[in-house]
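Chemist: The amino acid sequence is not available; the structure is as follows:
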């Protein structure tokens, strides 16, 4: 079955390290296919007679020819690799779904914050009661200062000096 690599990432919604790993895998796959194509076009027969005519020591050529005739390529069971790829795919899909869920939650939070910012009244138009309702810690901090007899927050006069002339 032929795999359409251009659609894999978009259909599965892959992003980040998963998409990078998939792109790297595709590149290795393409490189391997090109190498196999190049090697399959090269001649596979060896003219041992030619080498015998070049070398004085034909025993070496006879030995190599014997190895060549008895050579049997090894076969490998690729089921382990296929299972590893399938398990990687499952983990990648799980990670992608988790990332998607986190991003959706964050987007909803950001949209709510944006709506709050866009719908907020200017600072000058707000009342003290509205500010304390929005940030009750301000009211608590002010109450602590007043209880201690401080009517200005620490550092206020240093930052905003009294410019009135007596």
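Modeler: Perfect, I can see it now. Keep in mind the model is a prediction, meaning the values are calculated, not measured. Numbering: from 1, shown residues only.

Chemist: all contacts plus neighbour counts: C-alpha atoms, from now on.
Modeler: Noted.

Chemist: So, low pLDDT: which residues of the protein?
Modeler: Screening the chain residue by residue with the criterion pLDDT under 70, one finds the ranges 1, 166.

Chemist: what about the strands in the protein?
Modeler: Shown for the chain, no strands are assigned by DSSP state E.

Chemist: State which helix of it is the longest.
Modeler: Ordering each helix of the chain by length in residues (DSSP state H) puts helix 79-119 first.

Chemist: name the helices or strands packed onto that one?
Modeler: Counting by 3 or more Cα pairs under 8 Å, 6 or more residues apart in numbering; DSSP states H and E, no packing neighbours are recorded for helix 79-119 among the helices and strands.

Chemist: Could you shift the numbering so residue one becomes 30, and keep it that way?
Modeler: Let's use 30 as the start, then, which means that last one is helix 108-148.

Chemist: Run the chain-centre distance for that helix.
Modeler: Using Cα atoms, centre = their mean, to the nearest Å, we find the averaged C-alpha position of helix 108-148 to lie 11 Å away from the chain's own average C-alpha position.

Chemist: Count the residues that sit near residue 39.
Modeler: As a burial measure, residue 39 scores 11 neighbours (other Cα atoms under 10 Å).

Chemist: likewise residue 154?
Modeler: Applying other Cα under 10 Å, I find that residue 154 has 7 neighbouring residues.

Chemist: any idea where the helices of this protein begin and end?
Modeler: Taking DSSP H to define them, one finds helices in the chain at 34-41, 45-70, 77-83, 87-99, 108-148, 157-163, 165-176, 185-188.

Chemist: and residue 194, which of the ones you listed is closest to it?
Modeler: Put simply, out of the helices of the chain the one that sits nearest residue 194 is helix 185-188, at 15.4 Å, with distance taken as Cα to Cα.

Chemist: Let's have the helices of the chain in TSV, adding distance to residue 194.
Modeler: Rendered in TSV, the data for those read as follows (distance: least, Cα to Cα, whole Å):
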stretch	distance to residue 194
helix 34-41	70
helix 45-70	63
helix 77-83	111
helix 87-99	108
helix 108-148	40
helix 157-163	29
helix 165-176	27
helix 185-188	15
